[in-house]
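> Return a 3D structure for these sequence lines:
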Amino acid sequence: MTTFSDIFKKSFINDASMDLNFTNVIMSLLAAYVCGMIIYFVYKHFYKGVLYSHNFNILLVLVSMITAFIVLTISSNIVLSLGMVGALSIVRFRTAVKDPLDVGFLFFAISIGITCGASLYLMSFVSTILISLIYIFMVKVKTDSHVYLLIVKYEENAGEDVTKVLSDIKYALKNKTIYKNIIELTLEMKLKSNNTDFVSAISKIEGVQSAALVNYTGDFAE
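Numbers count the residues shown, from 1 in each chain. Got it, this is the predicted structure:
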């Protein structure tokens, strides 16, 4: 008489590759590659982060295929799935991801690999196209104003003149550094036009050492 424990034990000793076939593996990896290449071109042509990295873009394609391969492997046998989870749990990545967009693309590639490894090809392609179109739309959408950082370094006696030039502009003080009689201000402001004549006006004030206006993205100046 076959009991439940016998069936459970039998599932643990089955050959790990018994549920896999060559066609399934090729189809899953090919689908992951195609979806990964879509992500590759979207990242390359529409990336608006701090710094584009070609190596990271290649990694996105590899992650899609590697994740699909892992899902195929762990879905074939319970023993392999437990062993794979234990092995992957000790992996540590020490490379810092500086841009949040890179994290989003990395999860994008992993998700595509999981769905392709689970043989959900239609969902993989539809999700890849839909998410890519949403990302492109959000990148291309225009805003009425741009955020800038104005960094002004001047002597203390030029403070009134600098304040007078900035009186007609809305800004928020981000940082103020005073060293002896030298003051350095970092101001955040939103400009609806490309008129930056006030920067030249500040630079011409006697006692102003430097005035720089940079586009503010939240991390670095572009």
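> Let me see the mean pLDDT of the helix ranked longest in the chain.
The longest helix of the chain (DSSP state H) is helix 22-46. Helix 22-46 carries an average pLDDT of 91.
> what's the answer for stretch 148-164, then?
Per-residue scores along stretch 148-164 average to 86.
> ok, residues contacting that stretch?
The contact list for stretch 148-164 (Cβ atoms under 8 Å, 6 or more residues apart in numbering) reads 171, 174, 181-191, 199, 202, 205-216, 221. Any C-beta I mention is one placed from the backbone N, CA and C, and that applies to glycine too.
> Pull the distance from that stretch to the chain's centre.
36 Å (Cα atoms, centre = their mean, to the nearest Å).
> on that earlier part again, strands - which of the contacts of stretch 148-164 land there?
Under the assignment DSSP state E, those contribute 171, 174, 182-191, 208-215 to strands.
> Need the buried ones from those residues selected in ChimeraX.
Per 16 or more other Cβ atoms under 10 Å, the buried members of the ones in strands among the contacts of stretch 148-164 correspond to this ChimeraX selection:
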select :183,185,187,189,191,208,211,213
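> end to end, how far does stretch 177-185 reach?
Stretch 177-185 has an end-to-end distance of 7 Å (criterion: Cα to Cα, to the nearest Å).
> what pLDDT, on average, does it get?
Mean predicted confidence for stretch 177-185 is 86.
> And stretch 69-78, by the same measure?
Average pLDDT, stretch 69-78: 75.
> starting at the chain centroid, how far to that stretch?
28 Å.
> Output that stretch as PDB, nothing but the C-alphas.
Extracted in PDB, the C-alpha atoms of stretch 69-78 (Å, rounded to 0.1, in the frame of the first residue of the first chain):
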ATOM      1  CA  PHE A  69      17.600  29.500 -16.200                       C
ATOM      2  CA  ILE A  70      17.400  29.500 -12.400                       C
ATOM      3  CA  VAL A  71      13.600  29.300 -12.400                       C
ATOM      4  CA  LEU A  72      13.700  26.400 -14.900                       C
ATOM      5  CA  THR A  73      16.100  24.600 -12.700                       C
ATOM      6  CA  ILE A  74      14.400  25.000  -9.300                       C
ATOM      7  CA  SER A  75      11.000  24.200 -10.800                       C
ATOM      8  CA  SER A  76      12.100  20.700 -11.900                       C
ATOM      9  CA  ASN A  77      12.700  19.300  -8.500                       C
ATOM     10  CA  ILE A  78      12.000  20.100  -4.800                       C
END
